[in-house]
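> fold the following.
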Amino acid sequence: MAVTDGAPILKLGTDDAIAGLALSTEAHWNQTEEDWRIFLRDGIVFGIRDRMRLVATAALLPYSGNNAWISMVLVSGTHRRRGLATRLVDACLETARQNGLTSWLDATPDGATVYGPLGFTPTLQLRRLKLAKPARAEAPPLSSATLEALRVRDQRATGFDRTALLEAFAQRYGSRIVAANGAIALVRDGRTARHIGPLLADNAATALALLEAIMRSETGPLLLDAVASQHAFLEGLTTAGWTIERPFQRMRFGPATVTAEDLPFAVAGPEFG
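Here you go, the predicted model:
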């Protein structure tokens, strides 16, 4: 019998950030150690170990209005197809149920086929896009924006108060909140690429104009997760040289408890919503 067959599900702590990072790095995800510390500090992270090695995780990150995000569902390649991810997602759902929380997640196409029969309802579709090498050029300096301005706009677009998350992003070295013509975005470091999001604007033209200014001021690879129904924005991205890497399906388990006033152009990321 394999060591992990029936192995207990454990609650992880901040000391497990490096072990979690090893799992997301193995999966070629963009998360950093700082990302893991958000989940471990502000959420509940479940894990399974094989002896001393962490081999599987899933996190539940609470937001306002009795909502929570299921994230970081990872299983090491050496331990897949043993039902570990299912056990950990079940632990997240049970914890959410006990606390009266509606659960959300962003699923890959394969994941969506698993989560649908469990009772998850599809909502937004997302597209992960990458710009491998921005064409740096002289551009007018971008205006800095306040965390409060981003928080207010983000809450209008999501229905959630995500002050703690946005503050954690903004306080990192290299992060910046930028704005122009009513559009606003947060840019932060990732493990392999800088991530743009959330990006919020009144229309596609101002969203693309802000994005172009960001591109001109960056030198390395960029990632963003665009809302697929923002067709003009998505078309503008691909015209500018961005390539679509993969789709995600946003899904909800439980009743809708919030109402979003606006639709974002790019979200904070599939693990954060």
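> show me which positions of whatever helix or strand Thr206 lives in end up buried.
Using DSSP states H and E, Thr206 falls within helix 204-216. Neighbour counts over helix 204-216 (16 or more other CB atoms under 10 Å) mark Ala204, Thr206, Ala207, Leu208, Ala209, Leu210, Leu211, Glu212, Ala213, Ile214, Met215 as buried. Backbone N, C-alpha and C define where each C-beta goes, glycine included.
> could these go into CSV alongside pLDDT and distance to Phe265?
Shown next, in CSV, are the buried residues of helix 204-216 (pLDDT from 0 to 100; distance: CB to CB, whole Å):
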residue, pLDDT, distance to Phe265
Ala204, 97, 7
Thr206, 97, 9
Ala207, 97, 4
Leu208, 97, 9
Ala209, 95, 12
Leu210, 96, 9
Leu211, 95, 8
Glu212, 93, 13
Ala213, 92, 14
Ile214, 94, 12
Met215, 92, 14
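> following the lowest-mean-pLDDT helix or strand in the chain, which helix or strand comes up?
Least confident element among the helices and strands of the chain, by mean pLDDT, DSSP states H and E: strand 143-144 (a mean of 76). Using DSSP H and E, the next helix or strand after strand 143-144 towards the C-terminus is helix 147-158.
> so for that following helix, mean pLDDT?
Averaging pLDDT along helix 147-158 gives 95.
> which stretches in the stretch 101-250 of the chain count as strands?
Here the stretch 101-250 of the chain has its strands, by DSSP state E, counting those that start in this stretch, at 102-107, 121-131, 143-144, 176-180, 183-188, 194-200, 222-227, 243-253.
> rank these by pLDDT, which is bottom?
strand 143-144 (a mean of 76).
> centre of the chain versus it, how much separation?
Mean-position distance between strand 143-144 and its chain equals 24 Å (CA atoms, centre = their mean, to the nearest Å).
> contacts for that strand?
Arg176, Ile177, Val178, Ala179, Ala180 (CB atoms under 8 Å, 6 or more residues apart in numbering).
> now the residues you listed in CSV, with distance to Gly159 and neighbour count?
Formatted as CSV, the entries for the contacts of strand 143-144 read as follows, by distance: CB to CB, whole Å; neighbours: other CB atoms under 10 Å:
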residue, distance to Gly159, neighbour count
Arg176, 25, 15
Ile177, 20, 22
Val178, 24, 21
Ala179, 22, 20
Ala180, 25, 19
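> Arg162 contacts Arg151, doesn't it?
Yes - using CB atoms under 8 Å, Arg162 is in contact with Arg151, at 7.2 Å.
> between these two, which one's more packed in?
Arg162 (22 against 18; other CB atoms under 10 Å).
> please report how far that one lies from Phe120.
21 Å (CB to CB, to the nearest Å).
> ok, the closest residue to Val258 other than its chain neighbours - how many residues close by?
Spatial nearest neighbour of Val258, excluding adjacent residues (CB to CB, 6 or more residues apart in numbering): Gly159 at 2.9 Å. Gly159 sits with 17 neighbouring residues when counted by other CB under 10 Å.
> mind checking how far Gly159 is from Val45?
Computed as CB to CB, the Gly159 to Val45 distance reads 24 Å.
> so who does Gly47 touch?
The contact partners of Gly47, taken as CB under 8 Å, 6+ apart, are Ile9, Leu10, Lys11, Leu12, Asp16, Gly20, Leu54, Ala56, Thr57, Leu88.
> shouldn't Leu10 be in contact with Ile48?
Yes - counting by CB under 8 Å, Leu10 sits close enough to Ile48 to count as a contact (7.1 Å).
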